[in-house]
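[1] mind looking at a prediction? Sequence and model below.
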Amino acid sequence: MEVKNLTIASKHEGQHAVKDVSFAVRKGEILCVAGIDGNGQSELVYGITGLTPIEKGQIILNGKDITKESIRRKCLDGRAHIPEDRHKDGLVLDFSLQENLVLQSYYTERFQKHGFLKFDAIRKYAKGLIEKFDIRSGQGEDSIVRGMSGGNQQKAIIARELDRDPEIVIAVQPVRGLDVGAIEYIHKRLIEERDKGKAVLVVSFELDEILDMSDQIAVIYDGAIQGILDPVKTNKQDLGILMAGGQLNKEEANV
């Protein structure tokens, strides 16, 4: 996926939350976006995924311009999104687990005919994902998602998104508020996607997570990319300088 000269308006009139941002996420790599909260990360992801309008710029996926496509079309073209707020943007909390697992695919022939849902097919599919992704809940596929633990809610989102075999996975704060076991599981799944040749874009505020997972690190400050770093050749100090708006020499930061 290529992001070219992306500019997104801020909620404050006359200002921009994202300013002429460009980067590329290649197949078989994890690109982590690092930065202090509130520097345009959320707006950047909203723009890429179609949740907010883009003022100018392009989003290219496998050579195809998907900038103006609908959210559903972007999903069909191979984009998966693990959102920052799983309750607000990732799940319908008062729906059952099986209903949440088909939110991206209920309209396909596999799960509906002439507008009527195939409940047996949905149930069978949900049971398969529950086993495959180790989603634990009191009543299995009939569990109401609101009553599930945060880790299992996040596993449900990941199961739904990754099972579609996407070309790129966009994960924002994927382990926020989770216990150690869930964190390890989710990191493992994202790394597996990379190792299968998928492109993975991760937005995180945790430097340890960024340094451990990334193949490239893009540092964002005040809506602009300050530098793109090799995690093997950088450290927390260099990241901190860029995250605070400072500059490194040309050998250290390749913008």
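    It's in. Numbers count the residues shown, from 1 in each chain.
[2] what's the first helix or strand after the lengthiest helix in the chain?
    Ordering each helix of the chain by length in residues (DSSP state H) puts helix 180-195 first. Tracing the chain past helix 180-195, the next element assigned as helix or strand by DSSP states H and E is strand 199-204.
[3] what strands line up against that following strand, and which way round?
    Strand 199-204 has the following sheet partners, assigned by DSSP bridges: strand 29-34 (parallel), strand 168-172 (parallel).
[4] kindly export the longest one (C-alpha atoms) in CSV.
    What follows is strand 29-34, C-alpha atoms only, in CSV (Å, rounded to 0.1, in the frame of the first residue of the first chain):
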residue,chain,number,x,y,z
GLU,A,29,6.7,-6.3,6.4
ILE,A,30,5.3,-4.5,9.4
LEU,A,31,5.4,-0.7,9.3
CYS,A,32,4.8,0.9,12.7
VAL,A,33,3.7,4.5,13.0
ALA,A,34,5.1,5.9,16.2
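[5] gap between Glu109 and Leu117?
    12 Å (Cβ to Cβ, to the nearest Å). (Glycine included, C-beta is placed from N, CA and C.)
[6] show me which of those two is the more surrounded one.
    Leu117 (14 against 8; other Cβ atoms under 10 Å).
[7] low-confidence ranges, the stretch 151-255 of the chain, go.
    Scanning the stretch 151-255 of the chain for pLDDT under 70 picks out 249-255.
[8] just the strands in the stretch 1-150 of the chain please.
    2-9, 16-24, 29-34, 56-61, 64-65, 79-82, 112-113, 116-117 (DSSP state E, counting those that start in this stretch).
[9] looks like Glu167 contacts Arg79 (just checking).
    Yes. When contacts are counted by Cβ atoms under 8 Å, Glu167 is listed as touching Arg79 (7.0 Å).
[10] and for those two, which residues touch both?
    Common contacts of Glu167 and Arg79, defined by Cβ atoms under 8 Å, 6 or more residues apart in numbering, comprise Leu61.
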